[in-house]
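Peer 1: Below are the sequence and a predicted model for it; my questions follow.
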Amino acid sequence: MRHKGVILWLTGLSGAGKTTIARGIECKLKERDCLVEILDGDEIRSHLSKELGFTKEDRNTNIRRIGFVANLLSRNGIVAIVAAISPYRAIRDEIRMMNENFIEVYVDAPLEVCEVRDIKGLYAKARSGEIKNFTGIADPYEPPINPEVICRTTKESIEECINKVIAELERLEYIPIWNQMNQC
Ligand code: ADP
């Protein structure tokens with residue numbers, strides 16, 4: 001059976017859990033034979049947006065590019081999972097307006113926690129001044145006002161966060177409700 005494509009847009013601070021949750025969703029969707037692709041902010045910046053920096057303008061250009069690609073994928077029946085900080089609300093909303101199949105997932109963790117996690121060592125570099133314009137430290141992050149899903153990664157386990165998103169995909173009928181008898 002062919003599925004309707006959708007953009008799953010994960011936004012949140014660096015270290016909030018976007019990549020971790022995106023990979024978990026990907027794994028569960030593949031189990032169900034869904035077509036899925038992850039557009040990870042870090043990867044996009046080393047390929048598609050290599051020349052861009054971190055000014056507001058460059059960030060917005062980067063997000064528009066990701067939105068453009070996600071749109072192409074989703075209209076061909078693919079679940080396009082975007083995992084990018086995407087700090088500016090207006091650009092996320094602009095992409096939402098371009099595509100009726102858009103689900104915003106706010107991956108919510110307080111800055112203090114992200115900073116303690118500091119998976120990539122970027123917060124330490126931002127605090128020492130080695131990295132300028134780092135989101136949450138010296139650059140704004142605008143949380144979504146009405147996201148379809150909120151994953152509070154300090155209160156909910158990775159599994160719970162992933163399941164919440166999957167449940168929303170089921171509720172909105174992008175994927176069939178899963179039971180052992182039901183192959184999608
Ligand atoms: P981001 O992609 O947002 O920069 P990452 O996924 O790279 O964040 O890192 C998030 C870190 O937080 C990982 O080490 C992950 O194991 C940890 N973590 C703890 N709880 C959660 C949760 N509920 N959901 C996602 N990640 C979590």
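Peer 2: Sure thing, it's come through.
Peer 1: What parts of this protein come near the ligand?
Peer 2: Within reach of the ligand by CB under 6 Å from any ligand atom, the chain has these residues: 12, 14-21, 83, 107, 117, 119, 153, 156-158, 161. Using the backbone N, CA and C atoms, a C-beta is placed for each residue, glycine as well.
Peer 1: Kindly write the PyMOL command that selects the buried subset of these.
Peer 2: Buried residues within the residues of the chain next to the ligand, by 16 or more other CB atoms under 10 Å, are selected in PyMOL with:
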select buried, resi 12+14+15+16+17+18+19+20+21+83+107+117+153+156+161
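Peer 1: Indicate the residue of this protein located nearest to the ligand.
Peer 2: When scored by CB to the nearest ligand atom, the chain has G17 as its residue closest to the ligand, at 2.6 Å.
Peer 1: right, and that residue touches Y106 too?
Peer 2: No: counting by CB atoms under 8 Å, G17 sits too far from Y106 to count as a contact (10.9 Å).
Peer 1: picking that back up, enumerate every residue touching the residue of the chain closest to the ligand.
Peer 2: V107, A109, C151, T153, I158, C161 (CB atoms under 8 Å, 6 or more residues apart in numbering).
Peer 1: can you tell me which helix in this protein is longest?
Peer 2: Assignment by DSSP state H gives helix 56-74 as the longest helix of the chain.
Peer 1: how about that helix: buried residues?
Peer 2: Across helix 56-74, burial judged by 16+ other CB under 10 Å covers R59, N60, T61, N62, I63, I66, G67, V69, A70, N71, L73, S74.
Peer 1: So which residues of the chain form helices?
Peer 2: Using DSSP H, helices in the chain cover 18-31, 41-46, 56-74, 89-98, 111-117, 122-128, 158-171.
Peer 1: Turn those into TSV, columns for mean pLDDT and distance to E142.
Peer 2: TSV is the format used below for the helices of the chain (pLDDT from 0 to 100; distance: least, CB to CB, whole Å):
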stretch	mean pLDDT	distance to E142
helix 18-31	97	16
helix 41-46	95	16
helix 56-74	97	11
helix 89-98	97	4
helix 111-117	98	14
helix 122-128	97	18
helix 158-171	97	21
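Peer 1: Not counting residues beside it along the chain, what's closest to the residue positioned nearest the centre of the chain?
Peer 2: Taking CA atoms, centre = their mean as the criterion, L10 is the residue nearest the geometric centre of the chain, at 2.1 Å. Spatially, and ignoring its direct neighbours in sequence, L10 is nearest to K18 (4.3 Å; CB to CB, 6 or more residues apart in numbering).
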